[in-house]
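In: Below are the sequence and a predicted model; questions follow.
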Amino acid sequence: MKNPIYVALLIAATVATGLANAGDLQLNDAVKQKITAILEAKGYQVGKIKIEDGLYEAYAKKDGTRSEVLLNEELEIVKVK
């Protein structure tokens, strides 16, 4: 049987690691589809989507103009450049 202190420390480390990563953005197919749907509803044609500086960054075109659309983790547009 393992030492109870060892087990408690292992659990604490696991929980701490999970909490530290809880705010990390994830870029998977479901997120890409949601971002694409949000931007297409606003008239954009969406190209590449990536994560940069803690935001989702979508390369998109609207009315012939190329833009970088930045979205936060709640998929709200925070900046268009």
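Out: Nice, I can see it.

In: remind me which residues of this protein are low pLDDT?
Out: 1-23 (pLDDT under 70).

In: With adjacent residues omitted, what lies nearest to the spatially most central residue of it?
Out: In the chain, the C-alpha nearest the mean C-alpha coordinate belongs to Leu25, at 3.2 Å (CA atoms, centre = their mean). Nearest residue to Leu25, sequence neighbours excluded (CB to CB, 6 or more residues apart in numbering): Ile51, at 5.0 Å. C-beta coordinates here come from the backbone N, C-alpha and C atoms, glycine included.

In: got the contact list for Gln45?
Out: Taking CB atoms under 8 Å, 6 or more residues apart in numbering, we find Gln45 in contact with 60-62.

In: tell me which residues form a beta bridge with it?
Out: Beta bridges link Gln45 to Lys61, judged by DSSP bridges.

In: quick one on the thing from earlier: you'd agree the residue nearest to Leu25 is up against Leu27?
Out: Yes - counting by CB atoms under 8 Å, Ile51 touches Leu27, with 5.3 Å between them.

In: Just the strands from the chain, written as ranges.
Out: Secondary structure of the chain (DSSP state E): strands located at 45-52, 55-62, 65-71, 77-80.

In: okay, those strands in a markdown table with distance to Gln33 next?
Out: Formatted as a markdown table, these follow (distance: least, CB to CB, whole Å):
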| stretch | distance to Gln33 |
| --- | --- |
| strand 45-52 | 10 |
| strand 55-62 | 12 |
| strand 65-71 | 13 |
| strand 77-80 | 16 |
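
In: Kindly compare burial across those and name the winner.
Out: Stretch with highest mean neighbour count among those: strand 55-62 (a mean of 18; mean count of other CB atoms under 10 Å).
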